[in-house]
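*Asks:* any chance you could fold what I've pasted below:
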Amino acid sequence: MFKNKKHTNSVSLWNMGKVESIEEFYKRKFDWMPDAVRNGIGHFNIFKLEPPKEGQENTIPYKRRDYYKIMLVVGNSKVHYADQEVEVQKQALSFSNPQIPYKWEHLDKIREGFYCIFNTTFFHQYGNLNQYTVFQPGGNHIFELTDEEREKVAPLFQRMQEEINSDYVHKYDVLRTLVQELIHFAMKMQPAVITGKQPLNASQRISTMFVELLERQFPLDENHQILTLRSASDFARQLNVHVNHLNKAVKETTDKTTSLLIAERVLQEAKILLKHSSWSVSEIAHTLGFKESTHFNNFFKKNAGLTPLRFRNI
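*Replies:* Purely as a prediction, here's the structure:
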């Protein structure tokens, strides 16, 4: 955990940087581990969601996990992920992935529900989970459900419980299918932007590579201590294209400038660090690639409308 001291090349660890492994999840929740986890092979499990018992914490810490999680929550609670905060009023379906840190609050207000966890290896050779918007950084991760929608979702989790307890030799294929059903159920709740896959032109390819390269730098933790790609020129060099070519492609496909997209993502990460880390403002400025804290303060105030300290204390 950071103390208020001058930022050095050896950056202290803080809670968000500590990625919880699936092994640590089992130790924390149950103090035991299935053999599949010990053996390092693909893993899936499902659990009933219940409020914490008296004396237990009612908050899951803000951090990343190295596994995926799909949860049906019935009851009021609050979830923080990336720089967003969402309150579940009645019931919701949520999707968590290894790239995005998150935490849940007020779990004592949850009445019931289910959650399943699985690692990347579980879907090895069965497709790329990150192609789905529910697992992408810019996608929706929390879906408030009506009573009718809940009645459609809950049986999928119940079928998971039945399958995992069965002796059917291909039960894990069935479980993958049920996970896919949950994913597509949620994605159908969003308006479709593209009705069919279109071949990417040159500008779209360059823009896509830029966005992927930009997003790959985050979240900032002990493995990515200082932001290195900060300008359009930095990205152009990395992508081996002329900066004017990059700027034109990004503007054509996103209707935003390269510099604006970089600034928006840096601002998002700054908000995360201010709210969920104990780093000082100067440490955050350094980590985000600002040479002086005053430059970071000016950048943040210009784009967020208030100073970093004011934002942190709200």
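*Asks:* and the helix or strand where K248 lies, what does it pack against?
*Replies:* Using DSSP states H and E, K248 sits in helix 243-254. If you count contacts as 3 or more C-beta pairs under 8 Å, 6 or more residues apart in numbering; DSSP states H and E, helix 243-254 packs onto helix 202-215, helix 232-239, helix 258-276. Quick note: C-beta positions are derived from backbone N, CA and C, even for glycine.
*Asks:* what does that helix rub up against?
*Replies:* 202-204, 206-207, 210, 232-233, 235-236, 239, 256-258, 261 (C-beta atoms under 8 Å, 6 or more residues apart in numbering).
*Asks:* centroid residue for the protein?
*Replies:* Centroid-nearest residue in the chain, with C-alpha atoms, centre = their mean: I100, separated by 2.0 Å.
*Asks:* my guess is that one contacts R64. True?
*Replies:* Yes - I100 is in contact with R64 according to C-beta atoms under 8 Å; the separation is 7.2 Å.
*Asks:* confidence score at H245?
*Replies:* For H245, the pLDDT comes out at 92.
*Asks:* again, but for the one 10 residues further on
*Replies:* D255 is assigned 91 on the pLDDT scale.
*Asks:* and it, how close does it get to R230?
*Replies:* Using C-beta to C-beta, to the nearest Å, we find D255 at a distance of 22 Å from R230.
*Asks:* between the two, point out the one with more neighbours.
*Replies:* Counted by other C-beta atoms under 10 Å, D255 and R230 do not tie: R230 has more neighbours, with 17 against 8.
*Asks:* the more buried one in helix, strand or coil?
*Replies:* coil (DSSP: H, G, I helix; E, B strand; the rest coil).
*Asks:* shared neighbours, I100 and R64?
*Replies:* Taking C-beta under 8 Å, 6+ apart as the contact rule, I100 and R64 both touch P219.
*Asks:* tell me which element M160 falls in.
*Replies:* M160 belongs to helix 147-164, assigned by DSSP H and E.
*Asks:* what mean pLDDT does that helix have?
*Replies:* The pLDDT scores in helix 147-164 average 95.
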